[in-house]
Every structure is written in C-alpha cells, then in structure tokens.
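A.B. asks: Just the structure for this:
(2 chains)
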Amino acid sequence: MLLRRDFLGAGLGTLLGTAAQEALALGLPAAFDAGAAPELRPFAGLAGQDPQPGPLRIEGRIPAALNGVYYRNGPGLMARGEERYRHWFDGDGLVQAWRFENGRASHSARFVQTIKFKAETRQRRFMVPAMGTAIPPRMPVHGPDSMNAANTSVLRQAGRLYALWEGGSAYELDPISLETMGPRAWSPELAGVPFSAHPKQEADGTSWNFGTANGRMVIYQLSPAGALVNSAVFAMPASALVHDFAVSQRYLVFLLAPVQMDMPALKAGGSMMDAMRWQADAPTRVLVIDKADLSQRRVLEMPAAFVFHFGNAWDADGVIHLDYVQSAPLPEVNAGMELQMRGLRPPLRHSTPRVLRIALAGDKGGRISLQSRDEAVEFPVVDPRVVAQRHSKVWYPTAVGLSERWGFNGLMGLDIESGRRERFVFGPETVIEEHVLVPKPGSSKEGEGWLVGMGYDTRRQQSFTSIFDAQALSAGPLARVWLPYWLPYGFHGRFYPT
Amino acid sequence: MKKVLLISLLALSALSAQAAELELDVQGLGHGGGQLLVAVFSAEGWLRKPIAVARQDAAIQQSGALRLVLKDVPEGLVGVSVVHDLNGNGRLDMNVMGIPQEPTAFSNNAVGQFGPPRFDQASFELTSAGARHTIKLN
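C.D. replies: Below is the predicted model:
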C-alpha cells in the first residue's frame, strides 16, 4: 500500500527549504528486492559511477562487415539515499557505445552529466521533481531543462551526438568519449524548447522532430548539416503526453491520445504521471501536417488509443499508410511501472501491432481504417533506408510463451503487406530489448541487414548485445557479446556505420 | 554586502494603512547584466496585481548577491516574486512555448510545478516589525 504524503497540501509550503520537511520525499524507500522476479533486477539501477570497461565475451561470430557504433540510452540511476524513483522514465540517462570493427567489439558507458545529475551527485540526493516521482524541488527549477534526465534515445547528426529526452533540450555528447558538452539550442528562439526522443532521419539526411509543452507543439526541420531550415509553433489539441510521430514523403502524422493533465492534482503536489487522466470515451485525434507548408494542418478522429511508438509512414495518391504499436492507456502503464520499480511483476498488458490508413479528402477531411494484430510487441524499428518512404517490414521485440514474466524474450520480423512473420524466441531466462536494423554494406533491398540490440540473462545476471541476420531471424543470433555484469534496461538506440 | 535603499510604490489598496519594511537578500545571480524586478503581492492579486514593486540594477551585485529594502509595503500575508530581467526590457521573457527564459524565484524559495508556485507556498506574514528574506535565483 503506497502512502503519498502531500506535504505541500498540508500547509507546509512555508517551510520548504527546511531539512526536516525535505525529508518527507514522495519517493518510495530505496530498498529494492527482485527476488520473486529475476527479470526485474536491472530496475535496481546503478549508483552513479560510470560502468568500468570489462572483458567482453563473444559467443558466435560478429560479421566482419558490421563496422560502426551502436549507441544506446536508458535510465541508469533509480535511487539516491533513501529515495527511489517510482517510474521507469525517471532514471538518469546512461549512454552506451558498442563499437564494432572487423569482427571485434568494445564497450563504454557514461552517465549524461545534466544540470540535474551534477547537482544531485554533489548533494547526494534528488533535487528536482521527476515525471513520475514528486520529489520536492530542493533547488531552483527554471523550466524543463532543470529536470532533463537525457535518458530516452540518441541521435547522431552532422558529426555530433545527442542524448534525447522529450521534455527538454537535446544534450550534446562527445561521440568518442561520451563526455557531456551541454544542452543544444537549434536557434536562439528555440533554446530550452522540448525536442522529442523520436526524430526521423530521411535518406537524404534531413531530420524532422517535434516537441510539446503548455498545449503547444513545435515542429523542427533540420538540414543534414544540422541547421534549422524550418520550424513552426502552434496550439495543438490537448494531449498530455505525445511520445512519437510518423513521417511520410509529404506529411507528418501524430496520434494525440485523450490524456488530460489534472492541473489541481499537479499543483497539489502530485507527480506529472499521477496527474494524467484517461478519457476512454473521447477520441484520439489524428493530426496531419503538410511538410511543405506547416500551416496546412487537419485533425481527424479515431476511437481512443494510446500510442508510444510508430514504425514508419508513407503516402501515395492521397492515402497515408502508417504502422504503430497500440499500448495500454497511459494511466495503466504508469501503475505497472510503479510495481516494476519495486521489483514486482505488473499485470500482463500487451501492446500489439496496428496498420492505419488515412484516405485524405480535400484540405481538412479524411477517412481512417485500421488493422490489428495480437502479438505482444513494442519498440518497432524499420530499415533506416525506408524512413518516410514505402515500407513493408517492421521488427519488434516480442513475448512468446511467457506466463507471468515481465518483458520480451524474442524478436519478430513482420511484413505488414503480406502479414507474414518470422520469429526467434529465447527461453524465459532471457530478456530481449529493442534491436535496430543495420543495412549490410553494398545492399539496397529493404531488410537486407542485421538486427543489433541488447538483452539480459536472468540466470547469469549479465547483459549482452545480440546480432541477428534480419533475413534469417529464425536461425537465431549470429553472435552475442557479453558484458561481465548487468546494466539497467534501456529505451532506444541507433547504429551509425563508420 | 552593499546595502541599497529603494523607495517602493505606495500600496494600491486603499484598505491597508499599515506599512512595513521588507528586506530581501537575493542570491545566486548568474551574471551582472540587466536588472532585478521585484514584486510583492497579496493573495487576491497573486502574480497579477502587485502591492509594491522595486527594480535594482543587477550590476551592483557582489559574488552573485544583492540586498534590497522595500519601504512602505502593506502589512499582512504577502508573497514576493523576483525576476532577473537579463535584457532589461522590463518583463519576464517567455519562449515560443511559454517557458520563461529569465531566472525567476519566489519568497520561501517556493517552486511550482509547470508554472509559478501557489500563493500559499510563497506567502509569509509581514508585520509592523518588518521582515528579512533570502531568495535564491539560481
């Protein structure tokens, strides 16, 4: 039974700054016990030191043509002192670099030294609120970047590397040393403005991204050299959490779920996640924006759906085709996160694949049709060569044959046009995370490449990177590169060839 | 620390005839440019209609600290906001998303969630004996 002590509402606001009151943090006790659920051990997080390089053990053979760096980001620190975060999204960003060259591999990892992380390391306690844990502010908060955890994804663009967190700025890192350089502003006007963790890089090097705050949306169009070539800011249909979007040849598409922020609950001292309310009877709004003229926007409706992640989108003859993964509504997801963060298995709640078609009509209209599948998946990826182009293949981690165990244990490749799927499934001792598609040098066909991503073995308590042939997925991994220890689970990564 | 005396505006409310002195130690100024905008509010006009205001050139700070004295501030339950107006344009600048671009702080070092703190978080009683508060900008 959780006790949320609303010490602000209890009239103790005038005593903020007094150490005794500050001890009443709204986090859970730091003790963590995953004894009953060994797959949840990595949610304990790390203490805050950068993991030391250790000997890597290679099982199988790393393809000699796989040359480049796989960067991956995720929440690495979950507790300080007696306080533990209540939500997976809260942890401080730990960025990993897996370097592959000629069949060999090396690994490094560093925490992103954000304003927050540096202050909290110095003070040995959490200093600012997190999205899912209402830590009382113990230092001045000047906007989203005061709380930036830089923990969700990575982007390499024009030779620079960034750690991404949707609530604030991209944080620039040195691509070789992973040393933190600081928040990146794409223009003076857009300094400190949110930059989502899901930018889309098209084949010509153009990047598209968005951010949301205070009922407004910003769109970014970046040139291959990293210059801001176009942007727009406008009021958006209310949706308290927008994580990802889709980009086709001509359009940007957002699925804006009916999640509203309960402002009184928030101002009374609850966390942002706790204050999110799901309106099951309201529609999800489909926002379609013309890439060539960002002021051309239309809003369509579909039955309430919450979406974290999209695969890809393409359009032809006035019809937009896109795929996404349908999640459970956000408040349910948040409740599950709370249990995970205490080492307890959340109730099983599968996310499943969707294919959406939007037949546009005139300037403002359109008709939506939807197809569903029932496999348990998340973290969809496509071949980077087909982003914003016609695509048919999507890969996901998947769960097969697990009863109560949290997480995925296999990989699935799905052809969304034919419906054909191919899978490789490990036993219940293995947890599989997002795997990205790395094109084979010299190939041109969609899907000709490797799948590269991470996983965790609950018996060995070690993390690994696995490499599969994407065209022979059911044959199992070509190689696994084992760390001598475990690392916390991550969210998203990208591979950049040398 | 240099002590600077400022004359504050007379109370806008005709109901209060009692006034007191409010001393503010502002700390953590990032750099010496621009000015500090100080505003005192009662509950009814919190962050909309100040009952006393003051400005101070930020260049007089020493080691990021600066003291102001506001005289003739109406007594009662009050809250204070401080803005470091870096570009000297007389207001708190916001970016295109409505996120403040200049450092702000409030009495009791109160911090709000997604916006300024509530009055009850920042408020304190100003009596005829006066008050002295420390506010940290950064």
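A.B. asks: Identify the residue of the stretch 101-250 of chain A closest to chain B, quick one.
C.D. replies: Nearest to chain B, among the residues of the stretch 101-250 of chain A, is A:Pro137, at 3.7 Å (CB to the nearest CB). Yep, even glycine has a C-beta here, placed from its N, CA and C like the rest.
A.B. asks: who's in contact with that residue?
C.D. replies: Neighbouring residues of A:Pro137 by CB atoms under 8 Å, 6 or more residues apart in numbering or on different chains: A:16, A:127-129, B:111.
A.B. asks: So which bits of the stretch 151-300 of chain A are right by chain B?
C.D. replies: For the stretch 151-300 of chain A, the residues in contact with chain B (CB under 8 Å from any CB of the partner chain) are A:189-194, A:211, A:213-214, A:216, A:218, A:233, A:266-267, A:269, A:272.
A.B. asks: wait, is A:Glu189 part of a helix?
C.D. replies: Yes. Assessed with DSSP: H, G, I helix; E, B strand; the rest coil, A:Glu189 lies in a helix.
A.B. asks: what about it, how many neighbours?
C.D. replies: 14 (other CB atoms under 10 Å in any protein chain shown).
A.B. asks: With adjacent residues omitted, what lies nearest to it?
C.D. replies: Nearest non-adjacent residue to A:Glu189, counting by CB to CB, 6 or more residues apart in numbering or on different chains: B:Val96, 6.0 Å away.
A.B. asks: Name the helix or strand for the one you found, please.
C.D. replies: Following DSSP states H and E, there is no helix or strand that holds B:Val96.
A.B. asks: One more: A:Gly493?
C.D. replies: Taking DSSP H and E as the definition, A:Gly493 sits inside strand A:492-497.
A.B. asks: Just the C-alphas of that strand, formatted as PDB.
C.D. replies: In PDB, the C-alpha atoms belonging to strand A:492-497 read as follows (Å, rounded to 0.1, in the frame of the first residue of the first chain):
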ATOM      1  CA  HIS A 492      16.300   3.300 -27.700                       C
ATOM      2  CA  GLY A 493      19.500   3.100 -29.600                       C
ATOM      3  CA  ARG A 494      20.900   3.700 -33.100                       C
ATOM      4  CA  PHE A 495      23.700   2.300 -35.100                       C
ATOM      5  CA  TYR A 496      25.900   4.600 -37.100                       C
ATOM      6  CA  PRO A 497      28.300   3.000 -39.600                       C
END
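A.B. asks: Quick one: residues in contact with the top helix by length along chain A.
C.D. replies: Criterion DSSP state H: the longest helix present in chain A is helix A:330-340. For helix A:330-340, contacts defined as CB under 8 Å, 6+ apart pick out A:2, A:40, A:43, A:86-89, A:132, A:241, A:257, A:259, A:273-274, A:276-278, A:306, A:327-328, A:345-347, A:349, A:406.
A.B. asks: How far away from the center of its chain is stretch A:321-331?
C.D. replies: Centroid separation for stretch A:321-331 versus its chain: 13 Å, with CA atoms, centre = their mean, to the nearest Å.
A.B. asks: on that earlier part again, please tabulate the contacts of A:Pro137 in TSV, including the columns pLDDT and secondary structure.
C.D. replies: Compiled in TSV, these are given as follows (pLDDT from 0 to 100; DSSP: H, G, I helix; E, B strand; the rest coil):
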residue	pLDDT	secondary structure
A:Leu16	33	coil
A:Met127	96	coil
A:Val128	95	coil
A:Pro129	94	coil
B:Val111	86	coil
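A.B. asks: Mind checking what helix or strand follows whichever strand or helix holds B:Glu21 in sequence?
C.D. replies: Assigned by DSSP H and E, B:Glu21 falls within strand B:19-27. Next helix or strand after strand B:19-27 toward the C-terminus (DSSP H and E): strand B:35-41.
A.B. asks: all strands of the stretch 151-300 of chain A, in order?
C.D. replies: Remark: strands assigned in the stretch 151-300 of chain A by DSSP state E, counting those that start in this stretch are A:153-157, A:160-164, A:170-173, A:180-184, A:200-201, A:207-213, A:216-222, A:228-235, A:246-247, A:251-256, A:259-261, A:276-278, A:284-290, A:293-302.
A.B. asks: in stretch A:445-454, what's buried?
C.D. replies: Applying a neighbour-count criterion of 16 or more other CB atoms under 10 Å in any protein chain shown, one finds A:446-454 buried in stretch A:445-454.
A.B. asks: Oops, could you answer that again for stretch A:188-206 instead?
C.D. replies: Buried residues in stretch A:188-206 (16+ other CB under 10 Å): A:190-202, A:206.
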